[in-house]
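1. just coords:
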């Protein structure tokens with residue numbers, strides 16, 4: 001297995017995951033954050049992506065993503081001057097593991113009245129979790145407390161490759177949470193992470209930082225991930241203002257507002273399979 005200096009190491013047309021991609025549910029499977037970011041990286045590069053911004057991406061997680069070599073392919077399936085739809089697939093040697101679709105929108109300049117767009121500095125924390133508010137950002141990571149991920153039995157994984165700082169809540173405090181996250185290593189070895197990659201690698205953690213159920217007794221695994229972005233993030237830190245709601249039916253949802261130090265950048269949602277550990 002490659003060294004612990006990145007989530008993925010390129011190998012021809014494949015990407016070899018390191019142990020830093022390992023997730024909390026299964027020692028042989030990846031956390032969905034790194035592969036989600038890898039797909040976003042490919043989508044941003046295909047057919048004129050430099051002139052457009054990603055507005056929404058939805059991932060269907062078809063099965064657990066193995067810690068094994070992967071290929072990622074993307075193509076424009078609905079071209080257009082203002083908007084276009086891109087489809088991407090992530091596959092291992094046995095077939096697809098994630099399928100994603102993303103809307104890319106033309107970048108432009110629009111004179112928006114002041115006070116409506118998101119451009120402000122760190123502020124005070126509101127009482128309504130997971131609510132986007134223009135002109136607002138949570139207190140910054142320097143004002144937050146470090147967070148230690150629950151014990152997984154693994155020395156290395158996504159939990160050691162990401163830095164967590166909590167403004168509200170914490171892994172030992174079940175319920176809604178406000179947490180800043182930052183990558184400790186690049187997504188792909190030898191590359192500086194892009195703003196999009198930084199958001200996507202963190203956005204899949206809404207159900208983790210705001211867990212309401214005991215990690216040792218329950219599973220709350222997301223089967224999908226939808227991320228909406230209204231502007232690119234700046235800096236290295238992304239904030240998740242998240243809430244998780246599990247139901248006795250075995251279905252749950254995690255709803256997350258996303259911020260950087262300037263203010264809101266978008267939101268993420270996850271559909272959860274909830275079950276007792278057996």
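-> On my side now, so go ahead. Worth saying up front: this structure is predicted, and the values here are computed from it rather than measured. Numbering: from 1, shown residues only.
2. what about the stretch 101-250 of the chain, any weak spots by pLDDT?
-> For the stretch 101-250 of the chain, the stretches flagged by pLDDT under 70 are 115-136.
3. In the chain, what residue spans correspond to strands?
-> Assigned by DSSP state E, the chain shows strands spanning 8-11, 14-17, 52-61, 71-78, 83-92, 95-106, 145-146, 162-170, 173-183, 218-222, 224-229, 238-246, 251-260, 263-276.
4. for those, which one sits closest to residue 189?
-> Nearest of these to residue 189, taken as CB to CB: strand 8-11 at 4.7 Å. (Each C-beta comes from the backbone N, C-alpha and C, glycine too.)
5. Wait, residue 225 touches residue 204, no?
-> Yes - applying CB atoms under 8 Å, one finds residue 225 in contact with residue 204, separated by 5.4 Å.
6. Mind listing the shared neighbours of the two?
-> 32, 36, 268, 270 (CB atoms under 8 Å, 6 or more residues apart in numbering).
7. can you list the residues you listed in CSV and add neighbour count, pLDDT and distance to residue 51?
-> CSV is the format used below for the shared contacts of residue 225 and residue 204 (neighbours: other CB atoms under 10 Å; pLDDT from 0 to 100; distance: CB to CB, whole Å):
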residue, neighbour count, pLDDT, distance to residue 51
32, 29, 98, 28
36, 28, 99, 23
268, 28, 98, 25
270, 28, 99, 30
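8. wait, which of the residues you listed is closest to residue 12?
-> Comparing the shared contacts of residue 225 and residue 204 against residue 12 with CB to CB places residue 36 closest, at 22.2 Å.
9. Might you report the residue contacts of that closest one?
-> Applying CB under 8 Å, 6+ apart to residue 36 gives the contacts 59, 98, 100, 200-201, 203-204, 225.
10. repeat that with 10 Å
-> 30, 57, 59, 61, 65, 90, 98, 100, 197, 199-204, 225, 227, 268 (CB atoms under 10 Å, 6 or more residues apart in numbering).
11. same question, residue 275
-> Residue 275 touches 218-221, 246, 250, counting by CB under 10 Å, 6+ apart.
12. Of those residues, which is the nearest to residue 51?
-> Distances from residue 51 to the contacts of residue 275, taken by CB to CB, are shortest for residue 221, at 36.6 Å.
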